[in-house]
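# below are the sequence and a predicted model for it; my questions follow.
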Amino acid sequence: MRYKVLSAGLALALAGGLAACGGGSDSGGDANEISLVMSNHPWQKAIEPLLSEFEQASGVKVKVQTFAEQQARDKISLNLQSRSSSMDVFMTLPSREGLQFAKAGYYAPLDDYMTKSTEYDAADFPAAVKTGMTVQEKTVAAPINVEGVVLYYRTDLFQQYGIQPPKTLDELPTVAAAIKEKSGGKVTPIALRGQSAALPFTFGPFLHSQGLEWTKEDGTPAFDDPAAADVINRYATLAKDFGPPGVVNNTFTQSSALFAAGNAAMELESSNEIGSINDPKTSKVVGKIGVLDFPAGSAGSKSTVLNWGIAISSYSKNKDAAWKFVEWATGKATQLKLTSNGIAPPRTSVAQDKTYTDTLNTETLKQWNEALANVQENGSTEVGPVGVSAPEMRKVVGDAVGKVILGQADAPAAAKEIQDGLTPLLAKNG
Amino acid sequence: MTKRLGGIYAAYVVFGVIFFGPVLFMLWSSLRNNVDITGSLFNLASPLTLENFTGLFERFDFARYIGNSFVVAGGSTLLGLVLGAPAAYVIVRRKLAALGFLTLLARMAPGVLFVLPLFVLSIRVGGPDSLAVNYTLLIVAHLIITLPLCIWLLVPFFEEIPASIEESTLIDGANGWQRFTRIALPLALPGLSVALTLSFVFSWNYFLFALALANEQTLPLTVIAFNFIGQGSNDFGGLMAASTLISAPALLLTIFAQRWLVRGITGGAVK
Amino acid sequence: MTKPTSASGAAKRAPGAGAPPRRGRRVDPIARGIWPFALPAVVVTAVLVLAPIAYTIWLSVSDRQADGTNAGFLGFANYTEMFADSEFWNALKVTVFLFAVCLIVETLLGLALGYVMSLDVPGRRIFQGMMLIPAITASVAVGLVWLLIMDPSLGAANQILAKVGVDPVVWLGDPDIAPWSIALVDIWQWTPFMALIIAAGIRSLPEEPFEAAAIDGASGWRTAWNVGLPLLRPVLTVAMLLRTVDLVRFFDTIYIMTQGGPVNATNTLNVYGYNTGFVDNEPSYAATLQIALLVLVVLIAGVFTWFRQRAAR
């Protein structure tokens, strides 16, 4: 019976194949090879061409996987949830997932490495940056950039309409209204975030500049303060009356596309976005961009400052090689090189280096650098409420503010929704 | 009669604009500059350029991604056929409804369900580190798509083969395997072409498993397409060019293998 | 399943006899001894499909932590949590909404397009080819292209509407509109699929009933309704079943276009399950949602099949 032979053969082949697979071990490659998972980001684009320098100098081979932000998160999360040693270094946002990841034990602490290294000079990072990379008194990641919320505006349009750029939160709606009126509604006065998970980043500055915080000292939400409802109202009114159509689905992608296409007079976004709106290949408004500090509220101009970091997975089997990479990538020499590709340096020494400051040779870039300096000095590192459920909490805030933008709820109701929604999630912090 | 013909062609135009318009928009946008894509749609005179496509190959290892897509879609399709054809033959000749249901279950389970289990498996077998294991895993994972599809598509073709033809060979003493390979399989050749075409397209199109399982060397096209929009970069031209390349098999097969595609899509529903 | 040993007593049938053998007792001589051919496929399916499902069921009744450890058997706590979770019910609502809208529109529009495609006129094949493309284009490409088309300020859709004097539509940014926009993309992608099946069905219909109706003087519409549709029903139900299975698991275009937003307006069960697993890092609860979804798909498909078989009798 030939079929019996055949099916037995097939079964054997299948079993053999599986066994052969089973024989492979989760070795995480050899000791001189690390795997790096990155999110599509200006830093990633700037560092990739430099990797060969590191490989030659250190003898460590770097395997790179780059995904768009959401896909990168999926991939990183898969690796960590299944304790995979096949990812050694990954990009992370400690302000977002820091506590969640730290509690799950995903980060290998970097403190020992940093103190042992003779050249690294961790003291070179400003205190706010270091705080941002520290979770439960451990350094979980090394900072790779600095970014924060700034206000971009179109110098040509403001001149044409004879309007002064807004300096305070109170002026902001007035200026927006003037643009709306003088352009006959043709130009969107301000592009800003509305997508729920992304909104807290640009909403936070409104809160902090009015002297408020996400949470109280005792760790409960601070949205029962009537002033919080006022802040929600300011943000929602701006978005609803002067934002682009469909603003509740917008994040940096849509805002920058709009601004770069010349359809918006102002954009409230991350300092990173200079990369796309000031690039002649993707933007029509190069040379017409002014950059402002976040408009001041009753407590001054308090933007949100954000650092991306690179972390070593606690499941990595090549932690020493991984550290070599982290040390190189966030060291002085490399960060200085990265500035030539528009990566704002988190290191004080690099930020003041003449080689860097000389490259900021246009009015736009000079203003951008000043705004960024202010962000670093006065910005809050709390992008959203801090906790193990940070992503979920940001969604609670974003959803509630989104409802006000859509006119489905008023600001006090939204404040209450946030207060009620955050309470159980913050309680998880223990 | 001409009036009726006119009506039909009017319907052709209406449906054509609706269903082919966005495809045309994609093809056209892939040849335009970024600033024109986000500019006016009616600026028909905007210059055309191949830069979006050349950019793909300069910035990314795009030839490799295309190759990977071919390996994974091709491998999973062939394996799906090798395993599926005998199974479909058995289902038809033995009228095994239960087996049919089992394969249907594979079609019903949400893809997200497989992601974590498949990833855990891939870690166990060293998938992220070995090229060969990684390709094998991707091909095997895509069997979840191709195998039920092949069986589903082949069943009606085996049903069409009259039992009498095979019965006549019983006299010659042909055994089951010989009947299958010498009689049934050649007669079901059109079915194999249909299954081959459609499985390939569906496997090529699927992105979720590759996102979870592929490493930097085995990434297929579909996963890369997400990388054009991100912080500090809005490369709509590159995005449209990548989308066009992803759609290339669909576009080409429509031209060269339309008959098989149509039979594949309608197979199982229309006898 | 029939046992191969029972085949020994199979009666010889005259070649060409059409009657099927009685199941379970006797096996057609030509079907004898072929069952092992199906073995590899069965094994592979079991390993690839049943094992992950079993693993997911286990996850849903145990407490897997974000760090990959499992705190052990939980019982049905996750399921109780699910039934008390308002977002689960919202996701169910969104899923059913998209399923109903897409299936109805795709079927009706598919009938119209399918009829047009079934007519024999010069150029039919070129037209059919053009209609084929949406159905076989990768969702990734479809989602990304439509994302650009539906951009509220820069997109092609609103530019076209502006030309004809319609105010811009906030396609994806308004919770009341976004589900319809997502449905629109699905309808665009899958109506041609329905239409192709329907067109093939129409072309395979016998001519006599239509000729008889024409002799009786029935109008075209009446004939289509009274004669065509009933004859087409078997084909139509298979096409609808195939769409149903995909629609209940709605995922791809939402993952690409809205990730479930705005304000959860497009958060289908599948998308919610995905977000719970990979954004909120709650693998066990995500598994619970996936199992709930699988049960729902199997149930709906089962009901569908039951109706189909009852109608066939």
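Structure's in. What do you need?

# residues from chain B in reach of chain A?
By CB under 8 Å from any CB of the partner chain, the residues of chain B that approach chain A are B:34-35, B:38-39, B:115-116, B:119-120, B:123-130, B:133, B:136, B:175-178, B:211-212, B:215-216, B:219, B:223, B:226-227, B:229-236. (C-beta placed from N, C-alpha, C; glycine too.)

# tell me if the particular helix or strand that has A:V401 in it is near chain C.
According to DSSP states H and E, A:V401 maps onto helix A:390-405. Yes. With CB under 8 Å from any CB as the measure, helix A:390-405 is seen reaching chain C through A:P391, A:E392, A:D399, A:G402, A:K403.

# JSON lines for the residues you listed, including distance to C:I34?
Below are those laid out as JSON lines (distance: CB to CB, whole Å):
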{"residue": "A:P391", "distance to C:I34": "54"}
{"residue": "A:E392", "distance to C:I34": "54"}
{"residue": "A:D399", "distance to C:I34": "58"}
{"residue": "A:G402", "distance to C:I34": "60"}
{"residue": "A:K403", "distance to C:I34": "62"}
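
# farthest pair in these?
With CB to CB as the measure, no two of the residues of helix A:390-405 next to chain C lie farther apart than A:P391 and A:K403, at 19.0 Å.

# between those two, which is the more surrounded one?
Per other CB atoms under 10 Å in any protein chain shown, whichever of A:P391 and A:K403 has more neighbours is A:K403, with 23 against 19.

# check contacts around the more buried one.
Listed by CB atoms under 8 Å, 6 or more residues apart in numbering or on different chains, the contact set of A:K403 reads A:A409, A:A413, A:A414, A:E417, C:V263.

# ok, and which of these reach chain B?
Filtering the contacts of A:K403 for proximity to chain B by CB under 8 Å from any CB leaves nothing.

# show the buried residues in these.
The neighbour-count criterion (16 or more other CB atoms under 10 Å in any protein chain shown) marks A:A409, A:A414, A:E417, C:V263 among the contacts of A:K403 as buried.

# I'd like to know which of these is nearest to chain B.
Closest to chain B out of these is C:V263 (21.8 Å), distances taken as CB to the nearest CB.

# which residue, other than its chain neighbours, is closest to residue 204?
Using chain A here. In this structure, A:G204 finds its nearest non-sequential neighbour in A:T304, 4.4 Å apart by CB to CB, 6 or more residues apart in numbering or on different chains.

# right idea, wrong chain: chain B
In this structure, B:W204 finds its nearest non-sequential neighbour in B:A73, 4.0 Å apart by CB to CB, 6+ apart.

# so how far is B:L154 from the one you found?
Distance, B:A73 to B:L154, using CB to CB, to the nearest Å: 18 Å.

# how about the strands in chain B?
Along chain B, counting by DSSP state E, strands occupy B:229-230, B:233-234.

# give me the helices and strands touching the helix or strand containing A:Q71, please.
Here A:Q71 sits within helix A:69-81, counting by DSSP H and E. The contact analysis (3 or more CB pairs under 8 Å, 6 or more residues apart in numbering or on different chains; DSSP states H and E) places helix A:69-81 against strand A:33-39, strand A:61-67, strand A:89-92, helix B:111-124, helix B:208-213, helix C:269-278.

# please export the C-alpha coordinates of that helix as CSV.
The C-alpha coordinates for helix A:69-81 follow below in CSV (Å, rounded to 0.1, in the frame of the first residue of the first chain):
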residue,chain,number,x,y,z
GLU,A,69,4.8,53.6,16.2
GLN,A,70,1.7,51.4,16.7
GLN,A,71,3.3,48.3,15.1
ALA,A,72,6.5,48.9,17.1
ARG,A,73,4.4,48.9,20.3
ASP,A,74,2.7,45.7,19.3
LYS,A,75,6.1,44.0,18.6
ILE,A,76,7.7,45.3,21.7
SER,A,77,4.8,44.3,23.8
LEU,A,78,4.7,40.8,22.3
ASN,A,79,8.4,40.3,23.0
LEU,A,80,8.1,41.4,26.6
GLN,A,81,4.8,39.6,27.4
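
# got the angle for it vs helix A:390-405?
Helix A:69-81 runs at 150 degrees relative to helix A:390-405, counting by axes from the mean of the first three to the mean of the last three CA atoms, to 10 degrees.

# ok, and what's touching helix A:69-81?
Taking CB under 8 Å, 6+ apart as the rule, helix A:69-81 contacts A:37-41, A:65-67, A:84, A:86-87, A:90-92, A:101, A:104, A:106, A:313, A:315, B:115-116, B:119, B:211-212, B:223, B:226, B:230-231, C:66-68, C:259, C:278-279, C:281, C:283.

# how far does stretch A:252-268 stretch from start to finish?
9 Å (CA to CA, to the nearest Å).

# chain center to it: distance?
Relative to the chain's own centre, stretch A:252-268 is displaced by 18 Å; criterion: CA atoms, centre = their mean, to the nearest Å.

# try stretch C:212-229
In terms of CA atoms, centre = their mean, the centre of stretch C:212-229 is found 31 Å from the chain centre.

# what's next to it, contact-wise?
With CB under 8 Å, 6+ apart as the contact definition, stretch C:212-229 has outside contacts at C:I202, C:L205, C:P209, C:F210.

# farthest pair within those residues?
Spatially, the most separated pair among those is C:I202 and C:P209, at 12.7 Å (CB to CB).

# which one of the two is surrounded by more residues?
Just comparing C:I202 and C:P209: by other CB under 10 Å the higher neighbour count belongs to C:I202, 20 against 15.

# wait, the more buried one touches C:S118, no?
Yes. Using CB atoms under 8 Å, C:I202 makes contact with C:S118 at a distance of 4.0 Å.

# name the nearest residue to the residue of the stretch 151-300 of chain A found nearest chain C, sequence neighbours excluded.
Closest residue of the stretch 151-300 of chain A to chain C, CB to the nearest CB: A:G246 (2.7 Å). Leaving aside its chain neighbours, A:G246 sits nearest to C:G173 (2.7 Å; criterion: CB to CB, 6+ apart).

# cool, and B:F180?
B:Y89 (5.5 Å).

# now the one you found: how far from chain A?
12 Å (CB to the nearest CB, to the nearest Å).

# residue contacts, that residue?
With contacts defined as CB under 8 Å, 6+ apart, B:Y89 is in contact with B:L154, B:F158, B:F180, B:A184, B:L185, B:A188, C:I34, C:F37.

# for A:G398, same thing?
So A:G398 contacts A:Q195, A:S196, A:A197, A:A198, A:L199, A:P200, A:F203 (CB under 8 Å, 6+ apart).

# of the residues you listed, which is the nearest to chain B?
Nearest to chain B among those, counting by CB to the nearest CB, is A:A198 at 11.0 Å.

# show me what contacts the residue lying closest to the closest one once chain neighbours are set aside?
Closest residue to A:A198 apart from its sequence neighbours, by CB to CB, 6+ apart: A:T251 at 3.9 Å. Contacts for A:T251 (CB under 8 Å, 6+ apart) come out as A:R193, A:G194, A:Q195, A:A198.

# got the phi and psi for A:T251?
phi -140, psi -160 (degrees, to the nearest 10).
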